[in-house]
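Engineer: based on what follows, work out the 3D shape:
(chains A and B)
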Amino acid sequence: MDIKDFNFSTSLTPTDRYMLGEIADMMGTPDGAFNIRKNGQGLVRESSQNIEIRQKTDKPGIDIIIKPYTKAEKVHIPVIITDTGVEEVVYNDFFIGEGADVDIVAGCGIHNCGDQNSQHDGIHAFHIGKNARVKYTEKHIGAGDGNGKRIMNPTTVVNMEEGSYCEMDMVQIKGVDSTLRKTEANLGANAKIYILERLMTHGKQEARTEMVVNLNGEGSSAQIISRTVGKDDSVQVFFPNAVGNNACHAHVQCDSIIMDNAKISSVPAISANHPDAQVIHEAAIGKINSDQLIKLETFGMTEEEAEEVIIQGFLK
Amino acid sequence: MLELKNLSFKVDNEDGSGSLHIIEGLNLSIEEGKFVVITGPNGGGKSTLAKLIMGIEQPTAGQIIYNGQDITNMSVTDRAKLGIGYAFQQPPRFKGLTVRSLLSLAAGKDLPEDECCSYLTRVGLCSMDYLNREVDSSLSGGEVKRIEIATLMARDLNLAIYDEPEAGIDLWSFTMLVDTFKSLAKNETNSVIIISHQERIMQLADEIIVIADGKVMSRGPKDEIFPKLLTEFGSFGRDCTFRGEGA
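Structural biologist: Numbers count the residues shown, from 1 in each chain, chains lettered A, B, ... in the order given. All right, here's what the predicted structure looks like:
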């Protein structure tokens, strides 16, 4: 659709708008560059003076090219699937120029009311230039009451040049039946990455996370935090791995709340291939502490309300 | 206001050789607007008594009457709704919850910043440094303890129970805390029960109750009881004298 013909209120259904609000905080046409993909096709695309979004010609997906020294700009690239039976693999490449400082808001929402599975596999590659800063936010949700599954398998590769910084906030809170999340980061000298992954599974959902952070440059550092809640009969597996290949610092922290009949495996791994690599991991799985529940009950909350407050705070 | 009738709480011995009374046939009444300090040796049943009043533990016998209503079988939540509050001796921590959110949850509404600050100031915390900090392991034991006390201040309580509020609090902050409790003591409509071993807190009390071996060993106005603590009952820090000599 041509951007001139696009109207957030009339070109989108109420379900589309709901999903965009949930996954990308979009309540209207966003300022700056954006691309909305719907049911396996690009719906509307807008570039800005400093951020160009270009459709790939060899495979599905887009290139997002951010000019060097672009400051305080945002780019939104949400994906929504509202038809049943849509299965797609999408390749998005981000080229972030030297010294740029930008926010990238991605996210995928699948609303499946039918009996066929809907699946989005987003393959993201980031090329972050020297001294550039990126804040990347990715929210995944599933909705709809059909029997068809909502499946998302995101793969993210982040290549970071000297002195660059990347903050990744990745959230999957509800409704995704099956997910395999793969993340790889390769850090140059003095590059810093902060990864926060928050995930909640319920019903019979399955989630597996594989994350490798290679600290290749001298002075590079990584902080990886995983906070998850497993409810009902869901199953979660976490496998973050920080690899110190130079004088570097890395800290991996995995915390999970386990409830009902859920199963959670947390397998943080650390490796050092350099004598000055300092790599630490912590991991904990446990149910909600009864003192926490009682404390909130002494405020007049019911046990269910207290549980909700604790989970929401934990995943915030 | 609060009446405990023949209250007992016993636990089974781990080896199955019978049971142990933590609280045994305890009778006690606390009048409205009173500032009461409960003291006594470690292991004497003070904290258990506080938990029984809040509903965190269920008595094995006896009754708890609050403002004429039998609350013995009432849940913690329902007792909280009646205006009873309890500050833990060892408060839990909450990953992801900020000090401000915890105070707001305590108050049952979104508290404005200045109100949160006033509660924190009253417990000796520099509010701007703490409002947006998470109540997690990054806070020291003394900090968490003071935030715990602030959560009770943020509630509109008829009966506030503090379990050893001074524990883990440094000397400088303690002075401020005593002043805060002094202002609570002046309130004539709400009752305060503080479990404490601290002379300066006992000096604020309308009444001191000594609990040992699960029973009320002695009670009365502070001027009457306090001198006895140091003579008849032995000095604090020598808990064995309480137990050995009995009541």
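
Engineer: and whichever helix in chain A runs longest, what's its mean pLDDT?
Structural biologist: Using DSSP state H, we find that the single longest helix of chain A is helix A:303-315. Taken as a whole, helix A:303-315 carries a mean pLDDT of 94.

Engineer: what are the buried residues along that helix?
Structural biologist: Within helix A:303-315, the residues scored as buried using 16 or more other Cβ atoms under 10 Å in any protein chain shown are A:303, A:305-307, A:309-311, A:313-315. Where C-beta positions appear, they are placed from N, C-alpha and C, glycine not excepted.

Engineer: what about the residue nearest the centre of chain B, distance to A:S271?
Structural biologist: Centrality entry for chain B: nearest residue to the mean C-alpha point is B:Y162, 2.1 Å, by Cα atoms, centre = their mean. Counting by Cβ to Cβ, to the nearest Å, the gap from B:Y162 to A:S271 is 49 Å.

Engineer: check contacts around the closest residue to chain B within the stretch 101-250 of chain A.
Structural biologist: At 7.6 Å from chain B, A:R227 is the closest residue in the stretch 101-250 of chain A, using Cβ to the nearest Cβ. Shown in contact with A:R227 (Cβ atoms under 8 Å, 6 or more residues apart in numbering or on different chains): A:196-199, A:255-256, A:314-315, B:95-96.

Engineer: same thing but at 7 Å, please
Structural biologist: Going by Cβ atoms under 7 Å, 6 or more residues apart in numbering or on different chains, A:R227 touches A:198, A:255, A:314-315.

Engineer: go on, A:R54?
Structural biologist: Each residue near A:R54 by Cβ under 7 Å, 6+ apart is listed here: A:62-63, A:65.

Engineer: go again using 8 Å as the cut-off
Structural biologist: For A:R54, the contacting residues are A:47, A:62-65, by Cβ under 8 Å, 6+ apart.

Engineer: just the CA coordinates of the strand or helix carrying it, formatted as CSV?
Structural biologist: Per DSSP states H and E, A:R54 falls inside strand A:51-55. Listed next in CSV are the C-alpha coordinates belonging to strand A:51-55 (Å, rounded to 0.1, in the frame of the first residue of the first chain):
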residue,chain,number,x,y,z
ILE,A,51,16.7,5.7,7.9
GLU,A,52,15.9,3.9,4.7
ILE,A,53,13.8,0.8,4.6
ARG,A,54,14.3,-1.2,1.4
GLN,A,55,12.5,-4.3,0.4
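
Engineer: buried residues in that strand?
Structural biologist: Within strand A:51-55, the residues that qualify as buried are A:51-53, counting by 16+ other Cβ under 10 Å.

Engineer: nearest to A:T70, of those?
Structural biologist: Nearest to A:T70 among those, counting by Cβ to Cβ, is A:I51 at 6.6 Å.

Engineer: which non-adjacent residue is nearest residue 12?
Structural biologist: Using chain A. A:L20 (7.2 Å; Cβ to Cβ, 6 or more residues apart in numbering or on different chains).

Engineer: not what I meant, chain B
Structural biologist: B:S19 (4.9 Å).

Engineer: wait, the one you found sits on B:V11?
Structural biologist: Yes - with contact defined as Cβ atoms under 8 Å, B:S19 reaches B:V11; the gap is 6.3 Å.

Engineer: now do the contacts for residue 187.
Structural biologist: By default, I'm working from chain A. Each residue near A:L187 by Cβ under 8 Å, 6+ apart is listed here: A:160, A:193, A:213-217, A:220-222, A:248.

Engineer: correction: the question concerned chain B.
Structural biologist: Contacts of B:N187 by Cβ under 8 Å, 6+ apart are B:G33.

Engineer: cool, A:A143 as well?
Structural biologist: The neighbours of A:A143, taking Cβ under 8 Å, 6+ apart as the test, are A:19, A:109-112, A:150, A:174-175.

Engineer: now which of those residues would you call buried?
Structural biologist: Of the contacts of A:A143, these count as buried by 16+ other Cβ under 10 Å: A:19, A:109-112, A:150, A:175.

Engineer: just the residues you listed: which are in strands?
Structural biologist: Mapping the buried ones among the contacts of A:A143 onto strands (DSSP state E) picks out A:109-111, A:150.

Engineer: just to revisit the earlier point, now, among the contacts of A:R54, which is nearest to chain B?
Structural biologist: Closest approach between these and chain B, by Cβ to the nearest Cβ: A:I64, at 31.5 Å.

Engineer: correct me if wrong: A:S265 contacts A:C254.
Structural biologist: No - in this structure A:S265 lies outside contact range of A:C254 using Cβ under 8 Å: 10.2 Å.

Engineer: touching both of those two, which residues are there?
Structural biologist: The contact sets of A:S265 and A:C254 overlap at A:F238 (Cβ under 8 Å, 6+ apart).

Engineer: ok, these two, which is more surrounded?
Structural biologist: A:C254 (23 against 13; other Cβ atoms under 10 Å in any protein chain shown).

Engineer: what sits against A:A185?
Structural biologist: Taking Cβ under 8 Å, 6+ apart, one finds A:157-160, A:166, A:193, A:195, A:212-214, A:222 in contact with A:A185.

Engineer: if we check chain B, which of the residues you listed are in contact?
Structural biologist: Among the contacts of A:A185, none lies close to chain B by the criterion of Cβ under 8 Å from any Cβ of the partner chain.

Engineer: CSV for those, including secondary structure and neighbour count?
Structural biologist: Below are the contacts of A:A185 laid out as CSV (DSSP: H, G, I helix; E, B strand; the rest coil; neighbours: other Cβ atoms under 10 Å in any protein chain shown):
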residue, secondary structure, neighbour count
A:V157, strand, 16
A:V158, strand, 24
A:N159, strand, 18
A:M160, strand, 28
A:C166, strand, 24
A:I193, strand, 24
A:I195, strand, 23
A:V212, strand, 17
A:V213, strand, 28
A:N214, strand, 22
A:A222, strand, 25
